[in-house]
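Novice: Below: sequence and its predicted model.
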There are 2 protein chains.
Amino acid sequence: MLLESLINKATQLDDITVAVAVAEDVEVIGAVIEALNRSLANFILFGDNEKITTILNVHYKDRQKSNHHLTIVHADSNKMAAELAVRAVSNNEANVLMKGNIPTSDLLKAVLNKEYGLRTGSILSHVAVFEIPDYDRLTIVTDAGMSIAPDLEQKAQMIRNAAAIARAIGIEYPKVAPLAAVEVVNPAMQATIDAAALTMMNKRGQITGCIVDGPLALDNAVSVLAAEHKGIVSEVAGRADILLVPAIEAGNVLYKSLIYFAKAKVGAVIAGAKAPIVLTSRADSAESKLYSLALAICSVTK
Amino acid sequence: MLLESLINKATQLDDITVAVAVAEDVEVIGAVIEALNRSLANFILFGDNEKITTILNVHYKDRQKSNHHLTIVHADSNKMAAELAVRAVSNNEANVLMKGNIPTSDLLKAVLNKEYGLRTGSILSHVAVFEIPDYDRLTIVTDAGMSIAPDLEQKAQMIRNAAAIARAIGIEYPKVAPLAAVEVVNPAMQATIDAAALTMMNKRGQITGCIVDGPLALDNAVSVLAAEHKGIVSEVAGRADILLVPAIEAGNVLYKSLIYFAKAKVGAVIAGAKAPIVLTSRADSAESKLYSLALAICSVTK
């Protein structure tokens, strides 16, 4: 399955609206226009009306007509724009939240606001879906960018969050590999102990809707041959859909190694809130921004 | 530069001898024979004389003549074979130690023996040299397999160990990137604090013969474009020769992602002992075993 198929899937969903917090940015609006061109969703742009209108008129004057709506809602400050965008999602006027020209931490403050925010009781976690050249399945990596050093309960929540995204993109019963440096439990390596505990939490019904089996090293998780070589008997080994990394450093090098060295394509969302959140950054390619939006749209639960 | 060039370099070094601890294994002897065919070094095989001779006669009967020596030294037990191999290196009868059919931990016990071992006061660390497709330099990753969670002093030693290997393969003044998930110092992320401290240890002359600059995330370390995008001013950013990972999990996923997804080639040694140590495993390709031997031979200091 290719990431392009997520775009096709997203176009078939009706009545999805994306709320963009602080939209006054050429690249952000570029991603919005591209999404409109591909008929992904309706957009509400929250921010400075004048600046947004200017960007639209200067940079995207000749944009195609779309059968989706583009609405602008003025806000006097970035803080207000973030609050209004989050409230729009809270009130079900929008189904996806997208970060515009505002620091991630400021947007997350609004997301986590106790009165109008998007809390669910779960932690927020970063879920990235990769299309890797010469590899036969989409591979989900969590968490490359949010949780610094998750504890066991947080790891369990990260699995639940990632499994929900997996199901949303058609992987009905995802295979989850909690990664470590080795595939055996080593008392000196907390990642292996947590991985074993997560496996048993899955067996005891504390983590459902997926199959968890770890610890696995990356090679055992993604290569049937490597798993067989080690004599690992596991339904997950060699066939993992979701790779749970033990800490942000491992997630970050895996993410970036896939992009920079393996030439993989990626789309990513923040999961665990009432609605998917898209946090594209300037470093993301235009293609990647579109995949992230498509992934978020596919992940909407109404 | 390609890993193949290390083989050429190794063939030009005279009088290098490799001591193999517990050599009675078809794959280990296969790697030895291949190295002899490529004129890399002399070999002394420590282990069960009868078993070694049988493997040579059954599997490698028709081997080519070599201008290098292959000697067998009988040992009554694996423990004795490991001791004799380590002693041979201690006594300068051999210059490289190679693991045969013995658990790594058993071999390292002999290496770390206080009487006859190969201690130098430094920690032992795993140094892997990668040739990554479409990337313009050899990339050294440390540590993907030895140190579980190194502290600051151990990280400093790991840099010194890796820098020595870098110089041995012709990178005179290696650029070292202590990796983290971000390129800024974050009090909640120990990897970023250690990276900053390592950078200053380099500036204050505590780590010499290389230039250290971190924290860097992997993209900033290996892509000039990504570094410029973030506005990072650094002699290392985008041009790192050595990637120091903060813990074994990050090293392990980076190592395996490069092999399995980026189709990189690799050779690796254990550095920090009086002589380079080669720890090939069954999962390594024949090519990788040869690169590791060549890397070790190039790293010999007489």
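Specialist: That came through, no problem. Numbering: from 1, shown residues only, chains lettered A, B, ... in the order given.

Novice: Counting neighbours, what do you get for A:Lys203?
Specialist: When neighbours are counted by other CB atoms under 10 Å in any protein chain shown, A:Lys203 registers 12. Where you see a C-beta, it was placed from the backbone N, CA and C, and this is true even at glycine.

Novice: Write out the residues of the stretch 201-302 of chain A neighbouring chain B.
Specialist: A:217-219, A:222-223, A:226, A:229-230, A:245-254, A:256-264, A:282-283 (CB under 8 Å from any CB of the partner chain).

Novice: Just the buried residues of those residues.
Specialist: A:217-219, A:222-223, A:226, A:230, A:245-254, A:256-262, A:264 (16 or more other CB atoms under 10 Å in any protein chain shown).

Novice: I'd like the secondary structure assignment at the residue nearest the centre of chain A, please.
Specialist: Central residue of chain A (CA atoms, centre = their mean): A:Val269, 2.0 Å from the mean position. Following DSSP: H, G, I helix; E, B strand; the rest coil, A:Val269 is assigned to strand.

Novice: and it, what pLDDT?
Specialist: A:Val269 is assigned 98 on the pLDDT scale.

Novice: A:Gly272 now?
Specialist: 97.

Novice: all helices of chain A, in order?
Specialist: Ranges of helices within chain A are A:3-11, A:26-37, A:49-59, A:78-90, A:104-111, A:152-168, A:190-203, A:218-222, A:224-229, A:248-260, A:286-298, based on DSSP state H.

Novice: Tell me which of those sits nearest to B:Gln64.
Specialist: helix A:224-229 (29.4 Å; CB to CB).

Novice: what's the distance between that closest one and the middle of its chain?
Specialist: 29 Å (CA atoms, centre = their mean, to the nearest Å).

Novice: same check, this time on stretch A:248-255
Specialist: For stretch A:248-255, the distance to the chain centre is 15 Å (CA atoms, centre = their mean).

Novice: Quick one: residues contacting the nearest residue to A:Ala226 once chain neighbours are set aside.
Specialist: In space, A:Ala226 comes closest to A:Asp219 once its chain neighbours are excluded; the distance is 4.0 Å by CB to CB, 6 or more residues apart in numbering or on different chains. In this structure, A:Asp219 makes contact with A:226-227, B:256, B:259-260, B:283, judged by CB atoms under 8 Å, 6 or more residues apart in numbering or on different chains.

Novice: again, but for A:Ala237
Specialist: Per CB under 8 Å, 6+ apart, neighbours of A:Ala237: A:177, A:183, A:213, A:216, A:220-221, A:224, A:227.

Novice: Go again with 6 Å.
Specialist: Taking CB atoms under 6 Å, 6 or more residues apart in numbering or on different chains, we find A:Ala237 in contact with A:216, A:220, A:227.

Novice: Now pLDDT too, for those, in TSV please.
Specialist: Shown next, in TSV, are those (pLDDT from 0 to 100):
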residue	pLDDT
A:Leu216	98
A:Asn220	95
A:Ala227	94
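
Novice: Point out where chain A drops to low pLDDT.
Specialist: A:1 (pLDDT under 70).

Novice: ok, back up a step: so which of the contacts of A:Asp219 is the closest to B:Asp15?
Specialist: Closest to B:Asp15, out of all of the contacts of A:Asp219 and judged by CB to CB, is B:Ala283, at 31.7 Å.

Novice: just checking, the closest one touches A:His229?
Specialist: Yes. Counting by CB atoms under 6 Å, A:His229 is a contact partner of B:Ala283 at 5.5 Å.

Novice: gap between A:Cys298 and A:Lys99?
Specialist: Going from A:Cys298 to A:Lys99 by CB to CB, to the nearest Å gives 18 Å.

Novice: make that A:Asn202, sorry
Specialist: With CB to CB as the criterion, A:Asn202 and A:Lys99 are 32 Å apart.

Novice: ditto for A:Asn92
Specialist: Counting by CB to CB, the gap from A:Asn92 to A:Lys99 is 20 Å.

Novice: More neighbours: which of these two?
Specialist: Neighbours per residue, other CB under 10 Å: of A:Asn92 and A:Lys99, the larger number sits with A:Lys99, 25 against 11.

Novice: tell me the contacts of the more buried one?
Specialist: With CB under 6 Å, 6+ apart, A:Lys99 has these contacts: A:107, A:279.

Novice: gap between the residue nearest to A:Val212 when sequence neighbours are not counted and chain B?
Specialist: Spatial nearest neighbour of A:Val212, chain neighbours left out: A:Asn202 (3.7 Å); criterion: CB to CB, 6+ apart. As judged by CB to the nearest CB, to the nearest Å, A:Asn202 and chain B stand 21 Å apart.

Novice: correct me, but A:Asn202 touches A:Gly214?
Specialist: No. Counting by CB under 6 Å, A:Asn202 stays clear of A:Gly214, with 9.6 Å between them.

Novice: The two: which has the busier surroundings?
Specialist: Neighbour tally, A:Asn202 and A:Gly214, criterion other CB under 10 Å: the higher count belongs to A:Gly214, 30 against 21.

Novice: Let me see the backbone angles for that one.
Specialist: phi -160, psi 170 (degrees, to the nearest 10).

Novice: For it, give its distance to chain B.
Specialist: 12 Å.

Novice: B:Ile102 versus that residue, what's the distance?
Specialist: Distance from A:Gly214 to B:Ile102, by CB to CB: 28 Å.

Novice: likewise A:Leu6?
Specialist: For A:Leu6, the distance to B:Ile102 - CB to CB - is 49 Å.

Novice: who's more crowded, these two?
Specialist: The residue with more neighbours, out of A:Leu6 and B:Ile102, is A:Leu6; 28 against 22, by other CB under 10 Å.

Novice: show me the contacts for the spatially closest residue to that one that is not a sequence neighbour.
Specialist: Excluding its sequence neighbours, the residue lying closest to A:Leu6 (CB to CB, 6+ apart) is A:Ala294, at 4.2 Å. Neighbouring residues of A:Ala294 by CB under 6 Å, 6+ apart: A:6-7, A:10.
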